[in-house]
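**Student:** coordinates only, sequence not included:
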Ligand code: ASP
């Protein structure tokens, strides 16, 4: 009798221990698997490229981290208080557009003509409505005009002077072109032009980080993007950029192209891209990730990894995406050395990363 009781006691202990281990494992399995509801979340990027620790000063790294955390906090507060994913995307992008650290808004790169021409787009996953602007020169926060195009016009995309005339009807902040002049970007353009005259050919170039090496192997992109899931289950995505240093002939990249740099669909996911835009346009990267989820019933991580690590890589393109699905799962694959990125979940758990880790 005694030995039966002892054996029962030990069995009970083993069952209790097994159950506890399982519940710990489940709660740690994914960053978004914490059990409290409702589910919401937000992910951001500040560009991908050859971002190496050896080229970074501790001060510079701290500045990037602090700005990414500030942006995540703004988005988190909107979502936590029940705000919409569209508001979270727009307001979070404002923080990054207003910082000289990123190639968007204030920190936009220079064109060959020594101007700054900005592109942005936004998409609402609930309605599949979308808005975009390309090549605007006097708008402090292009993401907001992209949203106005989506909400206050019958169009999806407006460019150049026309987009600015449209924006004048609304309470939009206009700035003189000098607002976008930063020494860092100016020096990048001069360097690019020197390379071009030495090579005797057009170097339609990436956002070089000013360190050693050639442009293809040592380049980075500073575009910014945000994807969000709100408490009502609505997804949204937005992207904003200055494009590529030394761009000319009115070159437009993927960032304002719906389906290439930005896409959102409540049935699948929200995606924002950064990288060598021409490749992202050719592969319709953002839409392709959503389409894989819709038609092949694969997970967000599988779809995003496949498109970036296999398809983009095979074509010779570089860059990455941030993406969130309707359940709050987050994927952030990239095939460059680094990508400024981060996410926050409904528990307020914030993660910011820069390098491949
Ligand atoms: N994708 C952007 C472009 O090609 C550049 C970037 O991501 O920084 O215009």
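**Tutor:** Right, received. Where do you want to start? Remember, it's a predicted structure, so these values are computed and weren't measured experimentally. Residues are numbered from 1 along each chain as shown.
**Student:** where's residue 271, which helix or strand?
**Tutor:** strand 269-275 (DSSP states H and E).
**Student:** strands paired with that strand, and their directions?
**Tutor:** strand 262-264 (antiparallel), strand 319-325 (antiparallel) (DSSP bridges).
**Student:** indicate whether the first one makes contact with the ligand.
**Tutor:** Same thing as strand 262-264. No - counting by Cβ under 6 Å from any ligand atom, the ligand is not contacted by strand 262-264; separation bottoms out at 10.6 Å. Yep, even glycine has a C-beta here, placed from its N, CA and C like the rest.
**Student:** please compute how far that strand lies from its chain's middle.
**Tutor:** Its chain's C-alpha centre and that of strand 262-264 lie 11 Å apart, by Cα atoms, centre = their mean, to the nearest Å.
**Student:** picking up where we left off before, list the buried ones in the helix or strand following the strand holding residue 271?
**Tutor:** Downstream of strand 269-275, the next assigned helix or strand under DSSP H and E is helix 277-283. Within helix 277-283, the residues that count as buried by 16 or more other Cβ atoms under 10 Å are 277-281, 283.
**Student:** give the contact list for the closest residue to residue 266 other than its chain neighbours.
**Tutor:** In this structure, residue 266 finds its nearest non-sequential neighbour in residue 125, 4.3 Å apart by Cβ to Cβ, 6 or more residues apart in numbering. Counting by Cβ atoms under 8 Å, 6 or more residues apart in numbering, residue 125 makes contact with 85, 234-237, 264-266, 270.
**Student:** picking that back up, mean neighbour count, the strands paired with strand 269-275: which tops it?
**Tutor:** Of all the strands paired with strand 269-275, strand 262-264 carries the top mean neighbour count, a mean of 34, counting by mean count of other Cβ atoms under 10 Å.
**Student:** list of residues touching it?
**Tutor:** Strand 262-264 has contacts (Cβ under 8 Å, 6+ apart) with 121-125, 128, 130, 132, 225, 227, 235-239, 255-256, 270-273, 286-287, 289-290.
**Student:** now name the helix or strand holding residue 72.
**Tutor:** helix 58-80.
**Student:** same question for that helix, mean pLDDT?
**Tutor:** Confidence over helix 58-80 (mean pLDDT, whole number) is 97.
**Student:** list the buried residues in that helix.
**Tutor:** Buried residues in helix 58-80 (16+ other Cβ under 10 Å): 64, 67-69, 71-72, 74-76, 78-79.
**Student:** which residues does the residue nearest the centre of the chain contact?
**Tutor:** With distances taken as Cα atoms, centre = their mean, the residue of the chain nearest its centroid is residue 225 (3.0 Å). Contacts for residue 225 (Cβ under 8 Å, 6+ apart) come out as 44-45, 93, 237-240, 255, 261-262, 272-274, 322.
**Student:** mind putting the residues you listed in a markdown table, distance to residue 294 and pLDDT included?
**Tutor:** Output for these, formatted as a markdown table (distance: Cβ to Cβ, whole Å; pLDDT from 0 to 100):
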| residue | distance to residue 294 | pLDDT |
| --- | --- | --- |
| 44 | 24 | 98 |
| 45 | 23 | 98 |
| 93 | 26 | 98 |
| 237 | 16 | 99 |
| 238 | 21 | 99 |
| 239 | 21 | 98 |
| 240 | 26 | 98 |
| 255 | 23 | 98 |
| 261 | 19 | 98 |
| 262 | 17 | 99 |
| 272 | 18 | 98 |
| 273 | 18 | 98 |
| 274 | 23 | 97 |
| 322 | 19 | 98 |
